[in-house]
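In: Here is a sequence together with a model predicted from it:
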Amino acid sequence: MNSSTVVRSEVEQSISRLMLELGIPAHLKGYQYLRTAIFMCIEDMELIGSVTKLLYPDLAKRYMTTDQKIERAIRNAIEVSWERGNSDLFEKLFGYCNNIEHSRPTNSEYIASVADFVRLEQGFI
């Protein structure tokens, strides 16, 4: 196993651990899509600015589905996360907790925040 494989594995583990702590059940399709989206954005933060034009189409090709199904599955995973997740972690990531006062973050906000958090946690700059 080379060093890039080890780093990739550590990043994937970090993303998975964080997503589970955020309350996203691993059985949801959106879990897999979101995990891949976050990893892709860690590798290329430019994707955050083009979620609908680049990120969703890339994910749709990878998973042999449509952009719309990708977007909906990710949105559903985030909604579940918002209801079940760790309030302290939400506050740390998004600056506010998952309560009635604040609406849930958008797909792009969620992906960007988690990707940035993992980048910092893993020591990427």
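Out: Everything's here; your move.

In: what's the neighbour count on residue 23?
Out: If you count neighbours by other C-beta atoms under 10 Å, residue 23 ends up with 19. Any C-beta I mention is one placed from the backbone N, CA and C, and that applies to glycine too.

In: Reduced to three states, what does it come out as?
Out: Counting by DSSP: H, G, I helix; E, B strand; the rest coil, the backbone at residue 23 sits in coil.

In: Check the one 3 residues further on too.
Out: Three-state secondary structure (criterion: three-state DSSP) places residue 26 in coil.

In: I'd guessed it sits against residue 15; true?
Out: No. Judged on C-beta atoms under 8 Å, residue 26 makes no contact with residue 15 at a distance of 11.9 Å.

In: Looking at the two, which has the bigger crowd around it?
Out: residue 15 (23 against 10).

In: Quick check: phi and psi at the more buried one.
Out: Note on residue 15: its backbone torsions stand at phi -60, psi -50 [degrees, to the nearest 10].

In: That one touches residue 114, doesn't it?
Out: Yes. Look at residue 15 against residue 114 with C-beta under 8 Å: they come within range, at 7.3 Å.

In: shared neighbours of the two, anything?
Out: Common contact partners of residue 15 and residue 114 (C-beta atoms under 8 Å, 6 or more residues apart in numbering): residue 38.

In: Tell me where this structure is predicted with low confidence.
Out: In the predicted model of the chain, residues 1-7, 96-102, 124-125 satisfy pLDDT under 70.

In: So which residues of it form helices?
Out: 3-21, 29-43, 56-63, 67-84, 87-94, 107-122 (DSSP state H).

In: how far is the fourth one from where the chain is centred?
Out: Read it as helix 67-84. Mean-position distance between helix 67-84 and its chain equals 10 Å (C-alpha atoms, centre = their mean, to the nearest Å).
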